[in-house]
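> This is a predicted model, with the sequence first.
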Amino acid sequence: MKDLVFDLIDQEKVRQSEGLELIPSENYVSKPVLEAMGSVLTNKYSEGYPNFDGLTDWPEEKIAEEKLSNYRYYGGQTNVDRIERLAIARACKLFNADHANAQPHSGANANEAVYYSWLNPGDQILAMNLGHGGHLTHGSPVTRSAKIYKFIPYGTDKNGDLDYDEMERLALENDIKLLLVGYSAFMKIPNFKRVAEIRDKAEKKWGHEILLMADMAHVAGLIAAGIHDNPLKFGFNVMTTTTHKTLRGPRGGLILTMGNVGSPIKKVEEKTLANIPTLVDKAVFPGTQGGPLEHIIAAKAVAFGEALKPEFKTYAKKIVKNAKTLAEELKKRGFVLQGGGTENHLILADMKKSFNINGKIYEKALDLIGLTLNANALPGDKGGAFKPNGVRLGTPAITTRGLGEKEMVKIAEWMEKIAKLCQGYEKIRDFEKDHAEEIKTLREEVKTLSLKFPVPGI
Ligand SMILES: Cc1ncc(COP(=O)(O)O)c(C=O)c1O
């Protein structure tokens, strides 16, 4: 008998096909990425790393002929070494980095490893306030890192941009060891040059090196495509990212580093910024992780290969065009947007100011018609994480399916209808009961449009 799990996977395929994914951190991977993930590589243990010698300008076609050595703790690495070298080399090429670590199991693991590579318990990190768009791993008290290190938060200004003046003030008031720019809900392109200058001033003031880190989990695909500034070009030492958002690879993490690439198995490595590539390698394995997921690393390599193709640049441009169109269409319909719109793939709408409803009921109501997004706190939100007044949405996934500007108008229309119908409701059950007919009609409309744009790999 077929395992029930596969029935549920089939049902998920239907859900994904018949609805539209507007969560900005999600995407649909290609069939080759899916195939690499579901491959026999999952059977292999390969603690350690391939050898990094000669990774720059290295001809991929010659990979099968190359005699590789490695820093692994198990035998049988012939193929795995080659696959991981492909992932590392392609990642370096995509982001103009000196080195890459493709092993982090997730974005959170990548951040944790970077902190561990550079900091001692009690050290201070200047990072973006969670309530202003930062990520949990940037200092939420519920995380392990917040118990080990001390996070100092900076926020956004009244225009929705990073508050660089506040960042500078805090960097000069507090003896920080790490300055982090990164976010899960921010719609502008950061001024990386200004941040690097703030780091330089703080280094002078405190008399020691400060690690400059960017967590580009959301916009890595846009950076890879060259349509968003790359922090590594502005003096950042480290860039972490997830591989599954705009980058359109498997779920996972990636760390790009600048500096000298050394042996990850040599004993002592001086804690200097120049040595950060090796310090990070050691911090990922054995510092914070065990055996790498080579099937996922293979899928990352496939996705990086896709992102290196010219088509990916076209895709990334369309993501931003769709996001800008959707933002404009929403504004026309009375939506108040944080920062007045978007410069990337992400939109944050203030549902309280726009329609006097909270983000949570709106998220649930949209779910009923097959539009998936997430409730999200706004800067200074009194509703907190459980009943926030905002919603966050984005265009990476629907752009992969081929939706364009015409469809953005349609989505904005559906969103307006549901927002107006939601007014005055506290409980989703009451809303569902009172508006069953309208919900049914809109659900059919969303389904019909969705099915015209197949999900890759289904
Ligand atoms: C900025 C940022 N960093 C890190 C992460 C964590 O990634 P993961 O969920 O893969 O651990 C996210 C995820 O949403 C993110 O937005």
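Sure, I can see it.
> quick one: average pLDDT of the top strand by length along the chain?
What stands out as the longest strand in the chain, according to DSSP state E, is strand 176-182. For strand 176-182, the mean per-residue pLDDT is 98.
> The following helix or strand past that strand vs strand 176-182, what angle?
As assigned by DSSP states H and E, the chain's next helix or strand after strand 176-182 is helix 192-206. Helix 192-206 runs at 170 degrees relative to strand 176-182, counting by axes from the mean of the first three to the mean of the last three Cα atoms, to 10 degrees.
> burial measure for residue 424, as a count.
For residue 424, the count of nearby residues is 10 (other Cβ atoms under 10 Å). For the C-beta atoms, the positions are set from N, CA and C on the backbone; glycine is no exception.
> picking up where we left off before, only the buried residues of the longest strand of the chain, if you could.
176, 177, 178, 179, 180, 181, 182 (16 or more other Cβ atoms under 10 Å).
> Pretty sure the second one sits against residue 123.
Yep, that's residue 177 we're talking about. Yes: using Cβ atoms under 8 Å, residue 177 is in contact with residue 123, at 4.3 Å.
> Between the two ends of stretch 51-67, how far is it?
10 Å (Cα to Cα, to the nearest Å).
> How about residues contacting it?
Contact with stretch 51-67 is made by 68-71, 81-82, 85-86, 88-89, 92, 99, 261, as judged by Cβ atoms under 8 Å, 6 or more residues apart in numbering.
> hmm, try it at 6 Å
For stretch 51-67, contacts defined as Cβ atoms under 6 Å, 6 or more residues apart in numbering pick out 68, 69, 70, 82, 89, 261.
> With stretch 270-290 instead?
Contacts for stretch 270-290 (Cβ under 6 Å, 6+ apart): 99, 101, 103, 112-113, 116-117, 209, 237, 255, 257, 259-262, 264, 269.
> buried stuff in that stretch?
Quick answer for stretch 270-290 (16+ other Cβ under 10 Å): 273, 275-285, 288-289.
> Compile these into CSV and extend it with columns for pLDDT.
Below are those laid out as CSV (pLDDT from 0 to 100):
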residue, pLDDT
273, 97
275, 95
276, 96
277, 96
278, 95
279, 96
280, 97
281, 97
282, 96
283, 97
284, 98
285, 97
288, 97
289, 98
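> Need the per-residue pLDDT for the residue in the stretch 51-200 of the chain that the ligand sits nearest to.
Going by Cβ to the nearest ligand atom, the ligand is nearest to residue 107 of the stretch 51-200 of the chain, at 2.4 Å. Per-residue confidence at residue 107 stands at 98 (pLDDT).
> if we can go back for a sec, would you format the buried residues of stretch 270-290 as a markdown table with secondary structure and distance to the ligand included?
As requested, those are exported to a markdown table (DSSP: H, G, I helix; E, B strand; the rest coil; distance: Cβ to the nearest ligand atom, whole Å):
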| residue | secondary structure | distance to the ligand |
| --- | --- | --- |
| 273 | helix | 22 |
| 275 | helix | 24 |
| 276 | helix | 19 |
| 277 | helix | 20 |
| 278 | helix | 23 |
| 279 | helix | 20 |
| 280 | helix | 16 |
| 281 | helix | 19 |
| 282 | helix | 21 |
| 283 | helix | 16 |
| 284 | helix | 14 |
| 285 | helix | 17 |
| 288 | helix | 13 |
| 289 | coil | 13 |
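> what's in contact with stretch 305-324?
Contacts of stretch 305-324 (Cβ under 6 Å, 6+ apart): 90, 94, 221-222, 224-225, 227, 342, 345, 395-396, 399, 408.
> likewise stretch 405-414?
322, 325, 326, 329, 330, 333, 442.
> go again using 8 Å as the cut-off
Against stretch 405-414 from outside (Cβ under 8 Å, 6+ apart): 20, 22, 321-322, 325-326, 329-330, 332-333, 369, 371, 395, 398, 442, 445-446, 449, 453.
> And the residues you listed, which of them are buried?
Applying 16+ other Cβ under 10 Å to the contacts of stretch 405-414, the neighbour count classes 20, 22, 322, 325-326, 329-330, 333, 369, 371, 395, 398, 442, 445-446, 449 as buried.
> For residue 404, state which of those is nearest.
residue 322 (6.9 Å; Cβ to Cβ).
> Report the secondary structure state of the closest one.
Under DSSP: H, G, I helix; E, B strand; the rest coil, the three-state class of residue 322 is helix.
> just to revisit the earlier point, from the buried residues of strand 176-182, which two are the most distant?
Taking Cβ to Cβ, no two of those sit farther apart than 177 and 182, at 16.3 Å.
> the helices in the stretch 201-350 of the chain, which residues?
220-224, 276-282, 294-307, 310-332 (DSSP state H, counting those that start in this stretch).
> and the first one, what other elements does it pack with?
Using 3 or more Cβ pairs under 8 Å, 6 or more residues apart in numbering; DSSP states H and E, the elements in contact with helix 220-224 are helix 78-95, strand 238-242, helix 310-332.
> most tightly surrounded among those?
Mean neighbour count, computed with mean count of other Cβ atoms under 10 Å, is highest for strand 238-242 among those, reaching a mean of 28.
> For residue 269, report the pLDDT, please.
With respect to pLDDT, residue 269 has a value of 68.
> again with residue 364
So residue 364 comes in at 97 (pLDDT).
> okay, now it: neighbour count?
So residue 364, with other Cβ under 10 Å, has 17 neighbours.
> Wait, it touches residue 427, no?
No: if you go by Cβ under 8 Å, residue 364 and residue 427 don't touch, sitting 9.6 Å apart.
> if we can go back for a sec, the residue of the stretch 51-200 of the chain closest to the ligand against residue 137, yeah?
Yes: look at residue 107 against residue 137 with Cβ under 8 Å: they come within range, at 7.4 Å.
> quick one: common contacting residues for these two?
Taking Cβ under 8 Å, 6+ apart as the contact rule, the neighbours common to residue 107 and residue 137 are residue 215.
> How about the residues of the stretch 51-200 of the chain by the ligand?
106, 107, 108, 111, 135, 137, 182, 183, 184 (Cβ under 6 Å from any ligand atom).
> Quick one: closest of the helices and strands packed on helix 220-224 to residue 129.
It is, among the helices and strands packed on helix 220-224 and with distance given as Cβ to Cβ, strand 238-242, at 18.6 Å.
> So in this protein, where's the weakest helix or strand by average pLDDT?
strand 70-72 (a mean of 93; mean pLDDT, DSSP states H and E).
> That one pairs with which strands, and in what direction?
Strand 70-72 pairs in its sheet with strand 48-50 (antiparallel), by DSSP bridges.
> This completes my enquiry, with thanks.
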